[in-house]
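Chemist: Okay, predicted coordinates and the sequence, questions at the end:
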Amino acid sequence: MKNIFLLPLILLLFSCQPKELPTILEQSEGYALMKVSHQTTKAELSSMVIKLAKQGIDIDFSKSEFFEDGKLRNLKLAVKTPDGNSGATSADQVTLQFKYFGFLYQKDGSVSFKIGEI
């Protein structure tokens, strides 16, 4: 009888483990995609700010919180594109363990700007 309850409990615990979500930054002329998660570090974000600034995309993550090892704890992200689109998003530690947050910018796309869960 104990085995009947043990198996679902084990499956539940394994499903609650954080996902493997490496940081993603894709750039080309008129296009940028940034995805961050619980694995993203402050150094990675700082590097992305510099790279995206070369495209005219301004990013502010100064209100975000980080753990002592530099990994993202709570995200507070504001973005402004060269076309004048802007937006902000935030996510807590638990949400960042299971979902990517960031933005998509496509100068000539059907959706030119999206921010939040990506």
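Modeler: Sure, I can see it. Numbering: from 1, shown residues only.

Chemist: lowest average confidence, helix or strand, in this structure?
Modeler: helix 2-15 (a mean of 60; mean pLDDT, DSSP states H and E).

Chemist: following that one, which helix or strand shows up next?
Modeler: Elements were assigned by DSSP states H and E; along the chain past helix 2-15, the next helix or strand is strand 24-28.

Chemist: CA atoms only: put that following strand into PDB for me.
Modeler: Output of strand 24-28 as PDB, limited to C-alpha atoms (Å, rounded to 0.1, in the frame of the first residue of the first chain):
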ATOM      1  CA  ILE A  24      20.300  32.900 -24.700                       C
ATOM      2  CA  LEU A  25      21.200  36.000 -26.700                       C
ATOM      3  CA  GLU A  26      20.600  36.100 -30.500                       C
ATOM      4  CA  GLN A  27      21.400  39.200 -32.500                       C
ATOM      5  CA  SER A  28      21.400  40.200 -36.100                       C
END
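
Chemist: if I look at the residue nearest to the spatial centre of the chain, how far off is residue 29?
Modeler: Central residue of the chain (Cα atoms, centre = their mean): residue 36, 2.4 Å from the mean position. For residue 36, the distance to residue 29 equals 23 Å [Cβ to Cβ, to the nearest Å]. For the C-beta atoms, the positions are set from N, CA and C on the backbone; glycine is no exception.

Chemist: All set now, cheers.
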